[in-house]
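In: fold the following.
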Amino acid sequence: MKAMGKTRRLMALVTGGAALAAVLVAPGAHAAEGTAGAHAAEGEEGRTVSGEVAARGLLPGWRLTGTGTDVRFRGLAAVSRTTAWVAGSKGTVLRTADGGRTWRDVSPPGAADLELRDIEAFDGRRAVALAIGEGEASRVLRTADGGATWTESFRNTDPRAFFNCLTFFDSRHGLAAGDPVDGKFRVLSTADGGRSWRVLPDAGMPPALPGEAGFAASGQCLVSSGAKDVWLTTGGAETARVLHSRDRGLTWTASASTLPAGDPARGVFAVAFRDRAHGIAVGGDYRPDQASPQAAAVTGDGGRSWRRSATPPPAYRSGVTWLPHSRTAALAVGPTGTDLTLDGGRTWRTVDPGSYDTVDCTPDLGCWAAGEKGRVARLGF
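Out: Numbering: from 1, shown residues only. This next block holds a predicted model:
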């Protein structure tokens, strides 16, 4: 009976993953647009709704939550359907434990001048946030009490270094990646949950290309899958590349992607892997007046080779995630909308016009997106 119970729960999750994709392609399944900086009326559970949606009833899709701020959130850590953290400009960190109905400001004291671009959370109490910038502007902060207190566990002292993204393999082991120093990308490592960090040796790192760097746009320029595999995305050079390590950042291999390159504004902005082999890359040119053809690619060999999406998103995309318990469905987000793929990234369809910078999903079917003007949304039914 116990085994049967596990099987039923697994089947429910798999079915739920398909349902998440279904609600996004259903007619009218678009996010309700509104001002995220203003709380919704009491009884609406923090959602702002348009007249059309109000008239037709609450529809599935992205549902904006009332964050009470207008800062830009490029850092997002989805813990579950009910719990999520966001990090953004002006040193702002918010946390919800009720599915976005309410948000608590848990920003680190004295951090108003910091630009927080990534946050990784293990649960509703433990989180690690990354501030970006040259020299001492790049810092790592950690909380173990839900944001009531924060500890600065790393401050960059090299004026040449600029850190962009964080990732964790588990609750203890993680990496932070920055732009090249002395011709190679710089990587930090922690083995104690972010309490302390060390610069990894760069002997196993391939040389950076001229002009090559990372993009701190969504917290997804460095992602991991499993216990040791991690991928680092690049842009700014003649070729936009994806670097892969199988040993937690000690040695790396570099592969050319098919995404737009040849300009400091172009490259791979985010990747997502559902296992060690199958991944999706998105990016393009972040300038709003520039086209981004071929802004997505897929791999089936762990990033050794990349294939263009036959029908890519129509514009630059900065964030991407696989839908939980699905081998074929994923979401990509950017300033001009959300796109859905149902075939592993080969073809994409725009399903929502709202602006988001980053997106993340959890095993219990919780999907969240965050971006400019305090916008944070949860995928609802």
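In: all the helices of this structure, in order from the start?
Out: 2-25, 51-56 (DSSP state H).
In: lowest mean pLDDT across these, which one is that?
Out: When those are compared by mean pLDDT, helix 51-56 comes last with a mean of 30.
In: what's the neighbour count on Arg195?
Out: 15 (other CB atoms under 10 Å). All C-beta atoms are positioned from the backbone trio N, CA, C, and that covers glycine.
In: give the contact list for it.
Out: Neighbouring residues of Arg195 by CB atoms under 8 Å, 6 or more residues apart in numbering: Arg142, Thr151, Ser153.
In: mind redoing it with 7 Å?
Out: Arg142, Ser153 (CB atoms under 7 Å, 6 or more residues apart in numbering).
In: the one 3 residues further on too?
Out: Contact partners of Arg198, counting by CB under 7 Å, 6+ apart, are Leu188, Ser189.
In: oh, and call the first residue 592 from now on, that's how I've got it
Out: Sounds good: first residue 592 from here, last item Arg789.
In: and it, how far from Val731?
Out: To Val731, Arg789 is 12 Å away according to CB to CB, to the nearest Å.
In: equivalent analysis for Ala886, please.
Out: Counting by CB to CB - Ala886 and Val731 are separated by 30 Å.
In: swap in Pro700?
Out: Distance of Pro700 to Val731, given as CB to CB: 16 Å.
In: what of Ala906?
Out: 32 Å.
In: of these two, give the one with the bigger neighbour count.
Out: Taking neighbours as other CB under 10 Å, Ala906 and Val731 compare with Val731 leading, 25 against 20.
In: now do the contacts for the residue nearest to the more buried one when sequence neighbours are not counted.
Out: Nearest residue to Val731, sequence neighbours excluded (CB to CB, 6 or more residues apart in numbering): Phe745, at 4.0 Å. Under the criterion of CB under 7 Å, 6+ apart, the neighbours of Phe745 are Arg730, Val731, Leu779, Trp788.
In: same question for Asn747.
Out: Contacts of Asn747 by CB under 7 Å, 6+ apart are Gly726, Glu727, Ser729, Arg730, Phe754.
In: generate a ChimeraX selection restricted to the buried subset of those.
Out: In ChimeraX, this line selects whichever of the contacts of Asn747 come out buried by 16 or more other CB atoms under 10 Å:
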select :729,730,754
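In: adding distance to Arg899, write the contacts of Asn747 out as JSON lines.
Out: Converted to JSON lines, the contacts of Asn747 look like this (distance: CB to CB, whole Å):
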{"residue": "Gly726", "distance to Arg899": "38"}
{"residue": "Glu727", "distance to Arg899": "40"}
{"residue": "Ser729", "distance to Arg899": "34"}
{"residue": "Arg730", "distance to Arg899": "37"}
{"residue": "Phe754", "distance to Arg899": "30"}
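In: show me the contacts of Asn747 that map onto strands.
Out: Arg730, Phe754 (DSSP state E).
In: looking at the contacts of Asn747, which is nearest Val950?
Out: Nearest to Val950, judged by CB to CB, of the contacts of Asn747 is Phe754 at 21.7 Å.
In: which residues does that closest one contact?
Out: Contacts of Phe754 by CB under 7 Å, 6+ apart are Leu721, Ile723, Ser729, Asn747, Ala767, Ala768, Gly769.
In: excluding covalently adjacent residues, which one is nearest to the fifth one?
Out: The reference is to Ala767. Leu779 (4.2 Å).
In: how about the last one?
Out: Of all residues beyond its chain neighbours, the one nearest Gly769 is Phe754 (3.8 Å), with distances taken as CB to CB, 6+ apart.
In: who does the one you found form a beta bridge with?
Out: Gly724, Gly769 (DSSP bridges).
In: tell me if I'm right that the residue nearest to Ala767 and Asp793 touch.
Out: No. Judged on CB atoms under 7 Å, Leu779 makes no contact with Asp793 at a distance of 11.7 Å.
In: what's the most distant pair in the contacts of Phe754?
Out: Asn747 and Ala768 (12.5 Å).
In: which residue packs closest to Ala678, ignoring adjacent ones?
Out: Gly666 (3.3 Å).
In: in contact with that neighbour: list those residues for me.
Out: Contacts of Gly666 were listed using CB under 7 Å, 6+ apart, and they are Val677, Ala678, Gly679, Leu707, Arg708, Asp709, Ile710, Ala720, Gly810.
In: what does Thr740 give?
Out: Neighbours of Thr740 in contact, by CB under 7 Å, 6+ apart: Thr734.
In: and the gap between it and Val814?
Out: In terms of CB to CB, Thr740 sits 28 Å off from Val814.
In: again with Thr929
Out: Applying CB to CB to Thr929 and Val814 gives a distance of 19 Å.
In: which residue packs closest to Gly691, ignoring adjacent ones?
Out: Nearest to Gly691 is Thr656, by CB to CB, 6+ apart, at 3.4 Å.
In: for the one you found, list each beta-bridge partner.
Out: Beta-bridge partners, per DSSP bridges, of Thr656: Arg638.
In: can you get me a residue count around it?
Out: 30.
In: in this structure, which helix or strand is least confident?
Out: helix 642-647 (a mean of 30; mean pLDDT, DSSP states H and E).
In: so how far is Asp761 from the closest residue to Ser946 other than its chain neighbours?
Out: Distances taken as CB to CB, 6+ apart put Pro926 closest to Ser946, at 4.7 Å, once the chain neighbours are dropped. Separation of Pro926 from Asp761 (CB to CB): 33 Å.
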